[in-house]
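[1] have a look at this prediction, sequence included:
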Amino acid sequence: MKPGARRHKPRGAPGRPAGPPVELLIEAVGGEGDGVAAGPAFVPFTLPGERVLAAGFGERRELLEVLQPSPERAVPPCPHFRTCGGCALQHWALDPYLAWKVERLAGTLARQRIETEILAPFAAGPATRRRLALHARRGGREAARLGFKARKSWDLVEIGVCPIADPAIQAAIPALKRLAAPLFEHPKSAPTLHVTLTASGLDVDISGVERKSGGLSADARVQLAERAAEADFARVTIDGEVAYQARSPQVRMGQAVVALPPGAFLQATPQAETAMAAFVAEQAAGATRIADLYCGVGTFTFRLAEIAQVNAADFAAESVRALNGALAGAPGLHGVTAEARDLVRRPVLAEELKKTDVAVFDPPRAGAAEQTAELARSGVARVIGVSCNPATFARDARTLIDAGFVLDRVLPVDQFLWSPHIELVGVFSR
C-alpha cells in the first residue's frame, strides 16, 4: 500500500471466505458488475484502479478490504448493499458508472460490426421504481419475512428500505409483510409479491403459492382480503385470480388511461417510460401509418396514435384487451387497431406492412428475430427498436442492416439503477 493511502472496509461485508488472502489490482469492471483483475479474477464491489485484498479460489473471489480506493468510489445509500442481490454498483459514482454502461453497449454493437451515434443516456434516479418483485418467507402469524434474494444465493435478505423504490412502495413494506403472512399454509409455498404502483394505489400479484393441495383455505383468503383492505391496496391477485379489489389499478399513457390486467408488464420507472415514449414519437414524426409490435398495454401505442394510424400487436391477449378498452376514453387519436398475436410463431408479414412507413418493436429479452426478418423484407422506411437486451438487439440490428437499413442513433436508458443492465432505443432508416 502506498504511503498515505486510506484503507476501506466496505459496509455490510459478508463473513471472511475460505482461501488465502491475496492483493489484487482491479483493471476493469466486468459484465456482471464485478471488478476484474489479472488472471482473470473477479472481485465484486471493486472499481478500476483499486488495490484490494481478496480471498477465495479460482476466478471468483470475495472482497476483504479495499487497500487503495478509487476516487470514483461512492458511499452506498442502502444498508442492505453487499448482502442483497438486487444492486451491484451502488459503490460507484454516477458519471463513471453511466459511462461504463454506454461503453458496454458500444462494445456489444461492435461485436456485430455496428457503429452508430450513441446519445447521452437517460438515467432514472433513486426512489423512482414503480415495480418490485419481493420474495416472502415464513415469519410470524402477523408478518412474513420479505425482501430480495441474497447475492449468488437462494437465501432471503429481509429489507426495511429500498432506495431504488418509489417512496409509496417503501412505505408499504410493513403492510406487504402482513399481507404475505397468511400465504404459508403449505410448507412448499415460496411466494413472490409482484408490486406495481399505479394511479389507483398498489397492485399486488402473488405467485409461488402452493396450489396442488387446493391453494389457500377460505380462512387464509379472508385474512388476505382484510389485510389488503387495512393497507388500502387497489387490488391483490394470486396468479392473476382476484383475491381482493377495491379499485381498478390504472396508469396513464399519453391521452389514455389503461386499466391494468393482473401482472401486466410496465416499464420499471414512469420517468424512463416517458423519456422513451417521447423519443420514439419524435423519431416517428411524419409517419402516415405505424406498426407497433409487442405493444403490451400501449406504452408507445397511444403516443404514436397522436401522429398517425397505428396497427398494434402483442402475444398477451389480456394486455391487448386492456389497450382496446382504453381507446374510447382517449381523445385526439388517428385510430388504433390492436390484435393478440404470437409474433414469434406468426410475425406480421412483409406483405401486411405494405402501407406502413414506420414500425416500432419492443420485444422481451429474447429479441424479435422472426419479426425483424419480416421487417427486413418489407418496404418500411423507418424502424425503431426498443430493447432491454443489447445482445439480442445487436443481432436483430444486424439483420436489418444487412437488408439495407442504417442504424442512425441509439438512446441508452438506465432504469435499472445500480445494476449492470442497460436498455436502449435504436432508430433505423433506409
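    Noted; the coordinates are in hand.

[2] pLDDT on stretch 380-393, on average?
    Averaging pLDDT along stretch 380-393 yields 98.

[3] list the buried residues of that stretch.
    For stretch 380-393, the buried set under the neighbour-count rule, 16 or more other C-beta atoms under 10 Å, comprises Val380, Arg382, Val383, Ile384, Gly385, Val386, Ser387, Cys388, Asn389, Pro390, Thr392, Phe393. C-beta: built from backbone N, CA, C; applies to glycine.

[4] isn't the fifth one right next to Ala359, touching?
    So that's Gly385. No: counting by C-beta atoms under 8 Å, Gly385 does not reach Ala359; the two are 9.1 Å apart.

[5] quick one, helices of the stretch 301-430 of the chain?
    Taking DSSP state H, counting those that start in this stretch, the helices of the stretch 301-430 of the chain run over residues 301-304, 317-326, 369-377, 390-402.

[6] relative orientation of the longest one and helix 369-377 in degrees?
    Using axes from the mean of the first three to the mean of the last three C-alpha atoms, to 10 degrees, the inter-axis angle of helix 390-402 relative to helix 369-377 is 20 degrees.

[7] in the lengthiest helix in the chain, which residues are buried?
    In the chain, taking DSSP state H as the definition, the longest helix is helix 94-110. Judged by neighbour count using 16+ other C-beta under 10 Å, the buried positions of helix 94-110 are Pro96, Tyr97, Leu98, Trp100, Lys101, Val102, Arg104, Leu105, Ala106, Thr108, Leu109.

[8] return the closest of those residues with respect to Gly140.
    Tyr97 (39.1 Å; C-beta to C-beta).

[9] wait, doesn't the closest one sit right on Ala88?
    No: Tyr97 is beyond contact range of Ala88, at 10.4 Å (criterion: C-beta under 8 Å).

[10] and for the two, which residues touch both?
    Listed as contacting both Tyr97 and Ala88 by C-beta atoms under 8 Å, 6 or more residues apart in numbering are Trp418.

[11] sorry, back to before: deepest-packed of the helices of the stretch 301-430 of the chain, please.
    Most buried of these, by mean neighbour count (mean count of other C-beta atoms under 10 Å): helix 301-304, with a mean of 28.

[12] for the closest residue to Asn389 other than its chain neighbours, what are its contacts?
    Spatially, and ignoring its direct neighbours in sequence, Asn389 is nearest to Arg365 (4.3 Å; C-beta to C-beta, 6 or more residues apart in numbering). Going by C-beta under 8 Å, 6+ apart, Arg365 touches Cys388, Asn389, Thr392.

[13] look up phi and psi at Arg365.
    phi -60, psi -30 (degrees, to the nearest 10).

[14] just the pLDDT for it.
    pLDDT, Arg365: 96.

[15] again with the one 5 residues further on
    Per-residue confidence for Glu370 comes out at a pLDDT of 98.

[16] just the strands in the stretch 251-400 of the chain please.
    256-259, 289-293, 309-314, 336-340, 358-361, 382-387 (DSSP state E, counting those that start in this stretch).

[17] tell me the strands beside the second one, with direction?
    Read that as strand 289-293. strand 309-314 (parallel), strand 358-361 (parallel) (DSSP bridges).

[18] alpha carbons only: can I get stretch 151-160 in CSV?
    Taking Å, rounded to 0.1, in the frame of the first residue of the first chain, the C-alpha atoms of stretch 151-160 are listed here in CSV:
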residue,chain,number,x,y,z
ARG,A,151,-26.2,-12.3,-3.7
LYS,A,152,-25.5,-15.6,-5.5
SER,A,153,-27.8,-17.4,-3.1
TRP,A,154,-31.4,-18.5,-2.6
ASP,A,155,-31.3,-17.1,1.0
LEU,A,156,-33.6,-14.2,1.7
VAL,A,157,-32.3,-10.7,2.7
GLU,A,158,-35.1,-9.1,4.6
ILE,A,159,-35.4,-5.4,3.8
GLY,A,160,-36.7,-2.4,5.7
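
[19] check which residues of that stretch are buried.
    Arg151, Leu156, Val157, Glu158, Ile159.

[20] just those: which has the poorest pLDDT?
    Comparing the buried residues of stretch 151-160 by pLDDT, Arg151 comes last, at 85.

[21] now that one: how far from His80?
    As judged by C-beta to C-beta, to the nearest Å, Arg151 and His80 stand 10 Å apart.

[22] state the next helix or strand along the chain beyond the longest helix of the chain.
    Per DSSP states H and E, the first helix or strand lying C-terminal to helix 94-110 is strand 117-118.

[23] pull the residues that contact that next one.
    Val102, Leu105, Ala106, Asp408, Arg409, Val410, Pro412.

[24] what's the average pLDDT for stretch 412-419?
    In the prediction, stretch 412-419 has an average pLDDT of 97.

[25] can you give me the end-to-end span of it?
    Terminal residues of stretch 412-419 are spaced 14 Å apart (C-alpha to C-alpha, to the nearest Å).

[26] swap in stretch 249-266?
    12 Å.

[27] list the buried residues in that stretch.
    Buried residues in stretch 249-266 (16+ other C-beta under 10 Å): 249-251, 253-254, 256-266.

[28] ok, those vs Val242, which is closest?
    Pro262 (7.3 Å).

[29] wait, the closest one touches Ala243, no?
    No: using C-beta under 8 Å, Pro262 and Ala243 do not qualify as a contacting pair, with a distance of 10.1 Å.

[30] quick one: common contacting residues for those two?
    With C-beta under 8 Å, 6+ apart, Pro262 and Ala243 have common neighbours Thr237.

[31] where's the residue nearest to Val161 when sequence neighbours are not counted, which helix or strand?
    If you skip the residues right next to it in sequence, Val161 has Gln170 as its closest partner in space, 5.9 Å away by C-beta to C-beta, 6+ apart. Counting by DSSP H and E, the element that carries Gln170 is helix 167-171.
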